[in-house]
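sequence first, predicted coordinates after that:
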Amino acid sequence: MLTITSIRNGIVIDHIHAGLGIRIFYQLGLDKVDTSVALIMNATSTRMGRKDIIKIEGTSGIDVTMLALIDPNVTINVIEDEHVVRKVKPELPERVENLIVCKNPRCITSLEKYVPQVFTLVDREHGQYRCAYCDELYTVGKD
Amino acid sequence: MLQGRHLLDPTDFSPEELDEIFDFADQIIQSPAQFNHLCDSSLLATLFYEPSTRTRFSFEAAMLRLGGKVVGFSEASSSSVAKGESVADTVRTVACYADIIVMRHPKEGAPRIASQYSPVPVINAGDGGHLHPTQTLTDLMTIRAAKSRLGGLTIGCCGDLKFGRTVHSLIKAMSRYPGTQFVLISPTELRVPGYVTADLEARGITFREVERLDEVLPDLDVLYMTRVQKERFFNEDDYVRLKDFYILNADKMRLARPDMIVMHPLPRVGEIAYDVDDDPRAYYFRQARYGMFVRMALIAKLLGAC
């Protein structure tokens, strides 16, 4: 059994779908910070079977929107003096700019780089977004 | 009010606004000479970043028949694009000279970007495999003329439905009319993109995806044919196995209803045999003629000339 010590002040991102932890880790730029960070992969979970967890010491804010776009099921626990003082569930925003990159090679955004990548939410239940230019779909947690 | 608007997507205009365009196109068909000078002082710019024959001719003919003038380029290599100019800059410059812009571009969404930078109306004349709204205006006008209605019809779309922008536009536009059903006939590899079926499901519209044309012909009010190109297939065996399913000929037409109409955005390359041309249900050349009149009506409305 792997043991990771608890953090004193910081953030724990819990209930990450197993396998997505590494993506969140890099998206948040945690490979470049100088504070203590733990990425736990494939932890046992009674609810999810397997899950990933990220613990970040010494920070109080992260880009919740971006987290929602990778895995909307995560829970963000804000820790102060080793206690959870707040739990945050990310919500999918109606419109996102420059957070999702259109994967359609025929999309104009692949050619004209000054154009912002704009996606709008079309199906909250399934986490589905649509490119504002070419209509390509992006499904949160799958794409 | 259509003056000053862009047409980027076939659903940019409401069904009532489309009727306004179709009604005006009908007036032009009745007495074209009456409208010969409607746009005398206006200039249309055609920005065609990829080759087109009939769409460009149709727009140019439409503007010239309204008394207006036309400038533009017909391929990217003969324009400033070859020097690396962006769509935004090209459009901002052209809008200094022209009153209305028609754009065809191989990249999907390019006309939308153009519209964001243009102070004059932008018309999407086809963007990649995405949309082709003026072909849809043509198609709707043809269906309206043949069937006297746009609702309650079963539309069969046959051929390359994955890259066929005319089909994507037609489905999107026809989805707004009550009672429309779709039969999507294509090889598995060339089915419509996910966003098209997602839209149909979200709207609760009945559709089915099938591989064989002959099996569904008796069910259709409208058959919309498109090309199936050999290079779209992943292997030669599939092409050989499937290509005949997507060729319409006089024998297959015997399976169709007496009032079904056959449409095609043209050009055809073998998918409709010549023995279908004399069948009164063959509407594709009438459809091409409607294309010019509906573009005349569209240009005049966007310019506020009528």
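Alright, I've got the coordinates.

show me what the helix or strand hosting residue B:196 is in contact with.
For residue B:196, the host element (DSSP states H and E) is helix B:194-203. Under the criterion C-beta atoms under 8 Å, 6 or more residues apart in numbering or on different chains, residues A:122-123, A:128, A:130, A:135-137, B:168, B:171-172, B:175, B:182, B:207, B:209 lie in contact with helix B:194-203. Quick note: C-beta positions are derived from backbone N, CA and C, even for glycine.

give me the number of residues near the closest residue to chain A within the stretch 151-300 of chain B?
At 4.7 Å from chain A, residue B:195 is the closest residue in the stretch 151-300 of chain B, using C-beta to the nearest C-beta. Residues near residue B:195, counting by other C-beta atoms under 10 Å in any protein chain shown, number 19.

next one: residue A:125
Residue A:125 has 6 nearby residues by other C-beta under 10 Å.

and it, how far is that from chain B?
11 Å (C-beta to the nearest C-beta, to the nearest Å).

rewinding a little: could you turn the buried ones of the contacts of helix B:194-203 into a PyMOL selection?
A single PyMOL command selects the buried members of those (16 or more other C-beta atoms under 10 Å in any protein chain shown):
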select buried, (chain A and resi 122+128+130+135+136+137) or (chain B and resi 168+171+172+175+182+207)
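
do you know the pLDDT at the residue of the stretch 151-300 of chain B closest to chain A?
Looking at residue B:195, its pLDDT reads 90.

what distance do you get for it to residue A:119?
Relative to residue A:119, residue B:195 is positioned 12 Å away (C-beta to C-beta, to the nearest Å).

middle-most residue in chain A, spatially?
Nearest to the mean C-alpha position of chain A, by C-alpha atoms, centre = their mean, lies residue A:67 at 2.2 Å.

show me what contacts it?
With contact set as C-beta under 8 Å, 6+ apart, residue A:67 has these partners: A:13, A:24, A:28, A:74, A:76, A:90.

pick out the most distant pair among the residues you listed.
Spatially, the most separated pair among the contacts of residue A:67 is A:28 and A:90, at 12.8 Å (C-beta to C-beta).

so which bits of chain B are right by chain A?
Residues of chain B lying close to chain A (C-beta under 8 Å from any C-beta of the partner chain) are B:86-88, B:105-110, B:112-113, B:127-130, B:193-195, B:198, B:202.

tell me which of those residues fall in helices.
Those of the residues of chain B next to chain A mapping onto helices are B:87, B:88, B:110, B:112, B:113, B:194, B:195, B:198, B:202, per DSSP state H.

show me what contacts the fifth one?
The one in question is residue B:113. Applying C-beta under 8 Å, 6+ apart to residue B:113 gives the contacts A:108, A:112, A:115, A:133, B:87, B:88.
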